[in-house]
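K.L.:
Predicted model and sequence follow; I will ask about them next.
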Amino acid sequence: MLIKDVRQFPIACLLLLHAACAGDSATATESTQTTRQSLSVDRSVTQATVAAQYALNTHQAYVDSTIAARQLNRAIKAFVASPSPGALRAARQAWVASRVPYRQTEVYRFYDGPIDDPADDREVRVNAWPLDEAYIDSVQGNPGAGIINDPVNFPKIDRDTLLAANFIGSDANVATGYHAIELLLWGQDHSVDGPGNRPFTDFVDGRGGTLRNAARRRAYLSVAGDLLVEDLQHVADRWDPRTGDYPPVFLADATVALTLAGTGTFQLASEELSSERMLAAYESQDQEDEHSCFSDTTRDDLIGNALGIKNVYLGEWGRHDGPGFDDLVKAINPALDARMKQELRDTLAALEAIPQPFDQAILGDDTKPSRVAVLAAIRKVQQLGETVIEVGDTIGLNTGFAPGSR
């Protein structure tokens, strides 16, 4: 969506907020999820200041995601240089850590912003799922499957090869991003009480190796790590308040900006999170329908997505607090603000109550306690989506959604 007649006040407000944070070093930025402090800026609340805070937080969230992806990539490089149990364990830990900031950014999707821009679609390169394991690598019963084991059609494993292979022929033909890396680090999950358990020897050449084409497997993992950093940095750069191309467009009209933010929040709650990521798996009872199935971190994804909704409503991202939707709502309808905050708490509690691992929690009949917990969480998320519509209506947004429209 292109917006004409760019106004200067929202940009000035955004730059003021950014300047207050300009002293943050990369090291300090890495800890933004654990430390919070108020910014010394004008705290008057208007739609323009809320939109500016949203844009600042979005940029910082992608910066933090990029930092975490770089740390993952360093762990990957150490592992492929010298495969060992310890190096594989470190890479897995870095992957889990890298997901913490990113899963909270998914609330910034669904309105053709930088992550979803149809002309520059990075999301399908970063977080596409579910993926067909056999498209990438060996699977149980077919050790010769995948790009890694097909040097005839894929003679070289490099950046261009993986980008060209991504989404070719099927939406399940995912070749890049978090979940391709996840598959390579964990392997398929055949365990009833834990994640996949790929041996490090799948990456070892010759004697002591357990799969063919170990060098190509190492190359694939290394290239996928590079691409993840590249794509997240690209999105962060586009949101940069000083040099990015998107903030002037996004902030040209504060009401439109908040409408886009509200649309992303509703779509995440009512479509992506409650339906695609939870209800589909609940109904099918199929591991293939869960989000992070190889590492068994799906519940963490769900909680992180809900935290993203909370961040937007409260105007928060780590240290970077400021005017939020809640300030606008509270000034008009304090009861609605209180209800929204309570529903956020209830939703997070319901998601945290889902037993681990998620792929086992969804199995069984509808009286099984774990399935009862999953369904209860789905309903909480759906209700949260309905309340997001009320929030938008209350502050004068035109999201195009009506109550009960999910």
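P.N.:
Now that the structure is in, tell me what you want to look at. Numbering: from 1, shown residues only.
K.L.:
center of this protein, which residue is that?
P.N.:
Arg103 (3.0 Å; CA atoms, centre = their mean).
K.L.:
Next, the contact list for the residue lying closest to that one once chain neighbours are set aside, please.
P.N.:
Nearest residue to Arg103, sequence neighbours excluded (CB to CB, 6 or more residues apart in numbering): Gly304, at 3.2 Å. In short, each C-beta sits where N, CA and C put it, glycine included. Contact analysis of Gly304 by CB atoms under 8 Å, 6 or more residues apart in numbering lists 99-100, 103-104, 106.
K.L.:
Report how many residues lie close to Pro83.
P.N.:
Counted by other CB atoms under 10 Å, the residues lying close to Pro83 total 22.
K.L.:
is it true that it lies in a helix?
P.N.:
No - counting by DSSP: H, G, I helix; E, B strand; the rest coil, Pro83 is not part of a helix but coil.
K.L.:
Report the contact partners of the residue nearest to it when sequence neighbours are not counted.
P.N.:
Using CB to CB, 6+ apart and skipping the chain neighbours, the partner closest in space to Pro83 is Phe203 (4.2 Å). Neighbouring residues of Phe203 by CB under 8 Å, 6+ apart: 79-80, 83, 88, 209, 214, 217-218, 221.
K.L.:
Which of these has the largest number of neighbours?
P.N.:
Arg217 (27 neighbours).
K.L.:
So what does that one have for phi and psi?
P.N.:
Backbone torsions of Arg217, given as degrees, to the nearest 10, read phi -70, psi -40.
K.L.:
follow-up on the earlier one: which SSE is the residue nearest to the centre of the chain in?
P.N.:
helix 85-104 (DSSP states H and E).
K.L.:
ditto for Asp366
P.N.:
Here Asp366 is assigned to no helix or strand, by DSSP H and E.
K.L.:
Next one, pLDDT for it please.
P.N.:
In this model, Asp366 is scored at 96, pLDDT.
K.L.:
ok, it touching Ala376?
P.N.:
No - contact criterion CB atoms under 8 Å: Asp366 and Ala376 do not qualify, at 11.7 Å.
K.L.:
The two: which is more packed in?
P.N.:
A side-by-side neighbour count of Asp366 and Ala376, using other CB under 10 Å, places Ala376 first with 15 against 8.
K.L.:
What residues of the one helix or strand that one maps to count as buried?
P.N.:
Using DSSP H and E, Ala376 sits in helix 369-394. Residues of helix 369-394 classed as buried: 370-371, 373-375, 377-378, 380-389, 391-394 (neighbour count, 16 or more other CB atoms under 10 Å).
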